[in-house]
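Visitor: Sequence first, then the predicted structure, then my questions.
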Amino acid sequence: MTNLDHIQSLIRHGAQLRGEGGTLMPLTETFYHKAVEGCHTGGYNAATYDLVLPGIDSELWLAIWKDGHVDSGSPKSICACLAR
């Protein structure tokens, strides 16, 4: 599965991102590309976002890396990825 496949799979499953104030916005390929670009222009290795999937009550995060890599999962697993 490529990174874009991962994003597309999340999109197909109704993934949304939680913004400030709890507002939800849909995850899109455009958002993914802007996040990768933001990592480059901002000078950071990765950005994390609160991820919401229908039917899943657990806290989830999405990490998008400057090389385009994508990780999604529990905050603990994403923190472990970031620490590597």
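Guide: The structure has been received and is ready for your questions. Residues are numbered from 1 along each chain as shown.
Visitor: Tell me the secondary structure at the residue most central in space within the chain.
Guide: Central residue of the chain (CA atoms, centre = their mean): Leu62, 2.7 Å from the mean position. Secondary structure, DSSP: H, G, I helix; E, B strand; the rest coil: Leu62 is strand.
Visitor: That one and Phe31 touch, don't they?
Guide: No - the criterion here is CB atoms under 8 Å, and Leu62 misses it with Phe31 at 9.8 Å. C-beta coordinates here come from the backbone N, C-alpha and C atoms, glycine included.
Visitor: wait, what's in contact with the residue nearest to the centre of the chain?
Guide: Leu10, Ala15, Leu17, Leu27, Thr48, Tyr49, Asp50, Leu51, Val70, Asp71, Ser72, Ile78 (CB atoms under 8 Å, 6 or more residues apart in numbering).
Visitor: please redo it, this time with the cut-off set to 10 Å
Guide: By CB atoms under 10 Å, 6 or more residues apart in numbering, Leu62 lies in contact with 6-7, 10, 15, 17, 27, 31-32, 35, 47-52, 70-73, 78.
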